[in-house]
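J.: Sharing a model that was predicted from the sequence below.
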Amino acid sequence: GAVVSQHPSRVICKSGTSVKIECRSLDFQATTMFWYRQFPKQSLMLMATSNEGSKATYEQGVEKDKFLINHASLTLSTLTVTSAHPEDSSFYICSARDRRATNEKLFFGSGTQLSVL
Amino acid sequence: QKEVEQDPGPLSVPEGAIVSLNCTYSNSAFQYFMWYRQYSRKGPELLMYTYSSGNKEDGRFTAQVDKSSKYISLFIRDSQPSDSATYLCAMSPPGGNKLTFGTGTQLKVEL
């Protein structure tokens, strides 16, 4: 299957700082990438859809100024959690779909555990 | 009512047992159905992918889709301790960008 690399895997930061998470498709190009958030023992909640070369589409209730998404190339999307607070502590996961694929298969990164002190 | 319902478990079975995991859904537009396996603090890994109704087998895993009942299943034969993980069902309509996930079922296979 396709490989999606996500970095860092874990980050601890102080309240008020900003954290950037990178998501790369290693062996395919992705016009669209997705960012999810997952709380313990809960399912994945879609935060936003990242489109290469255009603005991200955010789900209802997700603050776009809080969670900045940049998708500057076909292989890289970044999520920046700005002015992080303890309630932003969560597991963040990105996913991507091969732009050449004719199916709906979605491949996930390994996730980033964010802890805000 | 959630679009996709999945029993969160936990489900505990002895090694070698046949495991049955399932999801129900309400959106008749869903055509693509997937099962993901997620180990603790890792990203989900695509296990099975099916389109529309029918069965699909891959090694010890079998996925079934019954669109008339809006019910999908994942069977794991000869379960192993390494199968202990959370299993998420996911589905989408044709051309849909977004996957709708179940809450996941936590499975523990004991020696």
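T.: Okay, I see it. Numbering: from 1, shown residues only, chains lettered A, B, ... in the order given.
J.: For stretch B:62-71, could you pull out the residues that count as buried?
T.: The neighbour-count check on stretch B:62-71 (16 or more other C-beta atoms under 10 Å in any protein chain shown) flags B:Thr62, B:Ala63, B:Gln64, B:Val65, B:Lys70 as buried. For the C-beta atoms, the positions are set from N, CA and C on the backbone; glycine is no exception.
J.: average model confidence for that stretch?
T.: Regarding stretch B:62-71, the rounded mean pLDDT is 95.
J.: what comes into contact with that stretch?
T.: B:22-26, B:28, B:33, B:35, B:48-50, B:52-57, B:72-75, B:77 (C-beta atoms under 8 Å, 6 or more residues apart in numbering or on different chains).
J.: How about stretch B:91-100?
T.: A:32, A:34, A:46, A:49, A:104, A:106, B:3-4, B:23, B:25, B:27, B:29-34, B:72, B:90.
J.: quick one: terminal-to-terminal distance for that stretch?
T.: In terms of C-alpha to C-alpha, to the nearest Å, the two terminal residues of stretch B:91-100 are separated by 5 Å.
J.: Stretch A:86-104 now?
T.: So stretch A:86-104: terminal residues 35 Å apart, C-alpha to C-alpha.
J.: Next: stretch A:58-74.
T.: 19 Å.
J.: Residue numbers of chain B in contact with chain A?
T.: B:8, B:32, B:34, B:36, B:41-46, B:49, B:51, B:88, B:90, B:92, B:96-99, B:101-104, B:106 (C-beta under 8 Å from any C-beta of the partner chain).
J.: How about B:Asn22: what's its closest non-neighbour residue?
T.: What sits nearest to B:Asn22 in space, not counting adjacent residues and going by C-beta to C-beta, 6 or more residues apart in numbering or on different chains, is B:Ser73, at 4.5 Å.
J.: That neighbour: which element?
T.: Secondary structure assigned from DSSP states H and E places B:Ser73 in strand B:71-76.
J.: Next, the buried residues of that strand.
T.: By neighbour count on 16+ other C-beta under 10 Å, the buried set for strand B:71-76 is B:Ile72, B:Ser73, B:Leu74, B:Phe75, B:Ile76.
J.: Distance of A:Val4 relative to A:Glu104?
T.: To A:Glu104, A:Val4 is 16 Å away according to C-beta to C-beta, to the nearest Å.
J.: neighbour count winner among the two?
T.: Neighbour totals were compared for A:Val4 and A:Glu104, and A:Val4 leads with 26 against 22 (other C-beta atoms under 10 Å in any protein chain shown).
J.: Any idea what the more buried one is bridged to?
T.: Beta bridges link A:Val4 to A:Ser25, judged by DSSP bridges.
J.: Now for it: which residues touch it?
T.: Per C-beta under 8 Å, 6+ apart, neighbours of A:Val4: A:Cys23, A:Arg24, A:Ser25, A:Leu26, A:Cys94, A:Ser95, A:Ala96, A:Phe107, A:Phe108, A:Gly109, B:Gly43.
J.: How about the second one: what's its closest non-neighbour residue?
T.: Put plainly, it is A:Arg24. A:Ser5 (4.6 Å).
J.: Might one say that the one you found is in contact with A:Leu26?
T.: Yes: counting by C-beta atoms under 8 Å, A:Ser5 touches A:Leu26, with 5.4 Å between them.
J.: between these two, which one's more packed in?
T.: A:Ser5 (14 against 11).
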